[in-house]
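# Sharing a sequence plus its predicted fold:
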Amino acid sequence: MTVWSKLGYYGRMASGLYSLLRAPRLSDPDGMIRRQMENRERHFLELAQRAIFANPANPYCQLFELAGCRYDDLAEAVRRDGLEATLAALHRQGVWLSHDEFKGKQPIRRSGREIRATPSSFRNPRIKGRLESVSSGSRSGGTRVRKSALEWRHWEAHYVLNIREFSLVARPHLHLRSILPAGEGLLVSLVYSRLGHPMEKWFSTCARSLDSSHYQAATHALVLLARWCGERVPFPTYLPPDDFLPVAQHIARRRQQGPPCVVSAQCSPAVRVAAAASERGLDIRDTIFFVAGETLTEAKRRAIEVTGAEVFTRYWISEIGPIGFACRQMTAGNSVHLFHDSVAVITYRRAAPLLGAEVDSLLFTTLLPSAGLVLINVEMDDAGVLAPATCDCAFSHAGFTTQVRDIFSYGKLTGQGVTLAGADILHILEEVLPARFGGAPTDYQLVEQDGDRQARVILRVSRRVPLPSPEALRDCFLRELRQFQGGAGASRLWRSTQAVEVVHADPLTTHTGKVLPLHLLGPGSRRPDAS
Ligand SMILES: [Zn+2]
């Protein structure tokens, strides 16, 4: 970042944060959700009219034109068939975006026409999103996602249900999230303060490197601003590299003093906290972990539950916001109640080349009038199953009666809360490493694996390739990774947690004998061969 762009960033964040600080507190969260549910079709049509049909530069405008669908046709279809059925029909007619098309990594090609787009092509013209967040992985491309204070204010209603469902009020609440430029840590902390249930402590996994010092200063300044406005937002406590013991110790200490803690965290760091507690024999029973950012696999769930703690999923997509939260009864698999007031989700069956299997891919459509991005049927390389939610819980009572089950990422590698798109890593595996160390593209394979303590990324190198120094190869891989957008964060994190291991063993094959360069072991996929 240049000095000017840094100043612009700080200015936007401070002004966005100030808007949220000044926004009135929610007086009727249930009414807010109900009104948005009642008006979701109208809001969808208004967004489409203003952001798409009135704006020929919007890529969707051309997609609708190619599909032969005018605004009146769209409105008629929604009225006649309902929103989700209309979205499915639009998908069949080419009105949708693959993840790479949405990110601008690949042009949108439909009926012989090529449409160029970047994520900013989809901005809502009515909304000034100032609350900026940069996610750590290349799924979000290290892209800046800007959200408005209004959006965050709507999401507060979802957090009210979370507090109600889990009776959180009496429990100390800890936060284990990165500091800026990832904005969610700060903002979620602020949300809980505004809802009268402030976080007690904020542990950050941020590495103490030179490039993070200005983000530490900026985080500190924005926490000061929030506190000056009367909010109880904690300053971050920085953890030593690759050491989650201080969090486990804090949880154990608090448990002796009173009600057990609640911990909001990314999935892998939560597993590391639980593992640290297990190793040291610390008592963290009855702690509730809310985890986001990665698939909560059975192995990760076990690693947390073995301590006597509980773990529940929060499904967030940085470009969109919260997609759904789990209720108390969702104690197996990776499931959430879908927040269909603010997002419409449909599925379609597709092949997932990296898995060598078919999946139900999720397509997302934004519905809030305050949505920063106006998206219709965007694929995020996540799969899941939509089903009725029949449980008796705060989310069902609020009208969230659809669940998304078995959510997992199928097109990318997600370890330690870092997400990297397949195409970025393929270049390293298939070109850089063979050129440097010998062998052919299929001689190198990344395998995502749930370890006992944390998600591990195994870099398998075929025995055909001489491997005098696994360390040199690992360093080369991490160094190359830095060159990609978002890869720098991944490289730093993976280095600091030693999450990447080089193994001199032949790459795994699928049941059809294929060697896939990225071998992902998601819960919806069959583990191809023994590893
Ligand atoms: Zn429920």
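Everything's here; your move. Numbers count the residues shown, from 1 in each chain.

# Could you confirm Phe312 falls within a strand?
Yes. Under DSSP: H, G, I helix; E, B strand; the rest coil, Phe312 sits within a strand.

# Could you count how many residues lie near the nearest residue to it once chain neighbours are set aside?
Of all residues not flanking Phe312 in the chain, Ala326 sits nearest, at 4.0 Å (CB to CB, 6 or more residues apart in numbering). Backbone N, C-alpha and C define where each C-beta goes, glycine included. As a burial measure, Ala326 scores 26 neighbours (other CB atoms under 10 Å).

# Repeat that for the one 10 residues further on.
Residues contacting Val336 under the criterion other CB under 10 Å number 27.

# Let me see the contact set for the residue nearest to Phe312.
Contact partners of Ala326, counting by CB atoms under 8 Å, 6 or more residues apart in numbering, are 312-314, 335-337.

# from those, which are also near the ion?
Near the ion, taking CB under 5 Å from the ion as the test, no member of the contacts of Ala326 is found.

# of these, buried ones?
Burial by neighbour count, judged by 16 or more other CB atoms under 10 Å, picks out 312-314, 335-337 from the contacts of Ala326.

# Of the residues you listed, which is the nearest to Glu358?
Here the nearest of those to Glu358, counting by CB to CB, is Ser335; it sits at 20.3 Å.

# residues near the residue nearest to the closest one when sequence neighbours are not counted, how many?
Among residues not flanking Ser335 along the chain, Arg405 sits closest, at 4.5 Å (CB to CB, 6+ apart). Residues lying near Arg405 (other CB under 10 Å) number 17.

# Can you tell me the SS state at Arg405?
strand.

# Is it bridged to anything, and to what?
Beta-bridge partners for Arg405, by DSSP bridges, are Val385.

# Would you confirm that it contacts Ala332?
No. Using CB atoms under 8 Å, Arg405 makes no contact with Ala332, being 9.8 Å away.

# re the thing from before, please convert the buried ones among the contacts of Ala326 to TSV, extending it with pLDDT.
Shown next, in TSV, are the buried ones among the contacts of Ala326 (pLDDT from 0 to 100):
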residue	pLDDT
Phe312	98
Thr313	97
Arg314	96
Ser335	95
Val336	98
His337	98
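
# May I see these arranged in a markdown table, with distance to Pro107 as well?
Output for the buried ones among the contacts of Ala326, formatted as a markdown table (distance: CB to CB, whole Å):
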| residue | distance to Pro107 |
| --- | --- |
| Phe312 | 40 |
| Thr313 | 34 |
| Arg314 | 34 |
| Ser335 | 36 |
| Val336 | 33 |
| His337 | 36 |
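
# just those residues now: which is nearest Leu63?
Using CB to CB, the buried ones among the contacts of Ala326 come closest to Leu63 at Val336, 29.0 Å.

# Excluding sequence neighbours, find me the nearest residue to that closest one.
Gly324 (3.3 Å).

# Where does that neighbour sit: helix, strand or coil?
Classified using three-state DSSP, Gly324 is strand.

# List the residue ranges of the stretch 301-450 of the chain that fall below the pLDDT cut-off.
Applying pLDDT under 70 to the stretch 301-450 of the chain flags residues 353-357, 411-424, 441, 450.

# Which stretches in it count as strands?
For the stretch 301-450 of the chain, strands defined by DSSP state E, counting those that start in this stretch occupy the ranges 310-317, 321-325, 336-338, 343-352, 357-366, 378-388, 402-409, 412-415, 418-421, 444-450.

# Near Asp406, how many other residues are there?
Considering only other CB under 10 Å, Asp406 is surrounded by 17 other residues.

# Going by distance to the ion, which of the contacts of Ala326 wins?
His337 (5.6 Å; CB to the ion).

# does that closest one have beta-bridge partners, and which?
Phe325, Gln403.

# unless I'm mixing things up, the residue nearest to Val336 is touching Val404, no?
Yes. Assessed by CB under 8 Å, Gly324 is found in contact with Val404 at 5.8 Å.

# Quick check: neighbours shared by these two?
Joint contacts of Gly324 and Val404 (CB under 8 Å, 6+ apart) are 315, 336, 338.

# Rebuild those residues as a markdown table, extending it with distance to Val188.
Output for the shared contacts of Gly324 and Val404, formatted as a markdown table (distance: CB to CB, whole Å):
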| residue | distance to Val188 |
| --- | --- |
| Tyr315 | 14 |
| Val336 | 16 |
| Leu338 | 20 |
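
# now Leu180, what's its secondary structure?
Quick answer, by three-state DSSP: Leu180 is coil.

# Tell me which residue of the stretch 201-350 of the chain lies closest to the ion.
Counting by CB to the ion, the stretch 201-350 of the chain gets nearest to the ion through Cys327 (3.1 Å).

# Quick one: residues contacting the residue nearest to that residue when sequence neighbours are not counted.
The shortest distance from Cys327 to any residue other than its chain neighbours is 3.8 Å, reached at Cys393 (CB to CB, 6+ apart). Shown in contact with Cys393 (CB under 8 Å, 6+ apart): 165, 327-329, 337.

# Take those residues and keep only those in helices.
Among those, the ones falling in helices (DSSP state H) are Glu165.

# circling back: now the residue nearest to Phe312: how far from Arg113?
Going from Ala326 to Arg113 by CB to CB, to the nearest Å gives 42 Å.

# Surely Ser133 is in contact with Glu184?
Yes. Between Ser133 and Glu184 there is a contact under CB under 8 Å: 6.0 Å.

# Quick check: Ile108 vs the ion, distance?
37 Å (CB to the ion, to the nearest Å).

# Not counting its neighbours along the chain, what's nearest that residue?
Ile115 (4.1 Å).

# isn't that neighbour right next to Leu63, touching?
Yes. If you go by CB under 8 Å, Ile115 and Leu63 touch, sitting 7.3 Å apart.

# In terms of neighbours, single out the busier of the two.
Leu63 (25 against 17).

# Just to be sure, the more buried one is in a helix?
Yes. Under three-state DSSP, Leu63 falls within a helix.

# tell me the contacts of the residue nearest to it when sequence neighbours are not counted?
Leaving aside its sequence neighbours, Leu63 sits nearest to Val95 (CB to CB, 6+ apart; 4.7 Å). When contacts are counted by CB under 8 Å, 6+ apart, Val95 touches 60, 63-64, 67, 69, 376-377.

# His43 too?
36, 367-369.

# again, but for Leu20
Contacts of Leu20 (CB under 8 Å, 6+ apart): 131, 149, 152-153, 187, 190.

# Show me those residues that map onto strands.
Leu131 (DSSP state E).

# Please indicate which of the contacts of Leu20 are buried?
For the contacts of Leu20, buried by 16+ other CB under 10 Å: 131, 149, 152-153, 187, 190.

# Looking at the residues you listed, which has the smallest pLDDT value?
In terms of pLDDT, the weakest of those is Leu131, which scores 84.

# How about it, nearest residue that isn't a chain neighbour?
Gly16 (3.9 Å).

# quick one: Ile179 and Gln216 touch, right?
Yes. Between Ile179 and Gln216 there is a contact under CB under 8 Å: 6.3 Å.

# Just want to know which of the two has more residues nearby.
Using other CB under 10 Å as the criterion, Ile179 and Gln216 rank with Ile179 on top: 23 against 16.
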